[in-house]
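A.B. asks: My questions concern the predicted model and sequence given below.
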Amino acid sequence: MNIIFLHHSTGNNIWNGTKRTFFIKAITRVSKKLAQKLTKDPQLPIFMNNYNSENNTNYKITEQAFPKRAPYGWNNYPYDYYNIWVKNAGSEPFMEEPTLEILAKEYQVIIFKHCYPASNIKADLDSADINSPEKTLANYKLQYNALKEKMHQFPDTKFVLFTGAVQVKYYLSEEEALRAKQFHNWIINEWSEADDNIFLWDLYALQTEGGLYFKDDYALTPHNSHPGGNFSIKTSKLFFNRTIDIIENNGNNTKLTGESLN
């Protein structure tokens, strides 16, 4: 089984599942290969390899920045997934990015997420517009409903969606944080359907623990909304647990956060 994880920087921290210092982060900007030599190997592939050895399975997981910085641009919000996967669907890449028609041919599990600026949700405009990149609840809901309809066209593929990464209080107004929470609750309680091929991993709940913001103690710093080292280590394992349970049991043996129900 081939699994792909589409993400940017927050996803990268969870993929690595290790503490990443400011020094390593600075080196990464210069040379990703050098940074990898100076840090531990990414933990998620290690978890997967160990699981395969212990359970005689053959799950292969890989990761990919989606979309890339160029030519599409470093934006992976609801509009951008809708734009690439729905509006510009087909057998050819859109601005060098793979459509679902392309991805589903190679991968049986597709995992995707948004960057934390998706939580900067503005007040709704006079009318919703599915083709607008404006970050409003009304636009998000239209784009998510279109994405769900599109993903249902690939019943043999399992999709795993992170609930929205949220930011530390320093970067998020209370109004934006309340809208981010409202969107999170809508995804879980209304958008998500039982017995389909779309599953959730609740990063938002792990970040906030019932609050409105990414807890400062869990973030890289109170002024940086990337996951800190200890949080990355914890969530990497929970994400792995949830992914395995989705593959093997349709997610029935874990909470949305990846914690065991047993």
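C.D. replies: That came through fine.
A.B. asks: in stretch 117-134, what's buried?
C.D. replies: Of all the residues in stretch 117-134, those buried under the rule 16 or more other CB atoms under 10 Å are Pro117, Ala118, Ser119, Asn120, Ile121, Ala128, Ile130. Placement of C-beta: from N, CA and C, glycine included.
A.B. asks: for stretch 180-188, same thing?
C.D. replies: Across stretch 180-188, burial judged by 16+ other CB under 10 Å covers Ala180, Lys181, Phe183, His184, Ile187.
A.B. asks: Same question for stretch 98-113.
C.D. replies: 98-104, 107-113.
A.B. asks: can you check stretch 191-205 too?
C.D. replies: For stretch 191-205, by 16+ other CB under 10 Å, it's Trp191, Ser192, Asn197, Ile198, Phe199, Leu200, Trp201, Asp202, Leu203, Tyr204, Ala205.
A.B. asks: Please flag which of the residues you listed sit within helices.
C.D. replies: Judged by DSSP state H, the buried residues of stretch 191-205 include Leu203, Tyr204, Ala205 as members of helices.
A.B. asks: Could I get the pLDDT score of the residue nearest to Ser260 when sequence neighbours are not counted?
C.D. replies: Nearest residue to Ser260, sequence neighbours excluded (CB to CB, 6 or more residues apart in numbering): Thr254, at 5.9 Å. Listed pLDDT for Thr254 reads 98.
A.B. asks: what about Leu103, which SS state?
C.D. replies: Classification of Leu103 using DSSP: H, G, I helix; E, B strand; the rest coil returns helix.
A.B. asks: Would you mind measuring from the closest residue to it other than its chain neighbours to Ala128?
C.D. replies: Excluding the flanking residues, the one nearest Leu103 by CB to CB, 6+ apart is Ile110, at 5.6 Å. Look at Ile110 and Ala128: by CB to CB, to the nearest Å, they are 26 Å apart.
A.B. asks: Could you do Phe231 as well?
C.D. replies: 34 Å.
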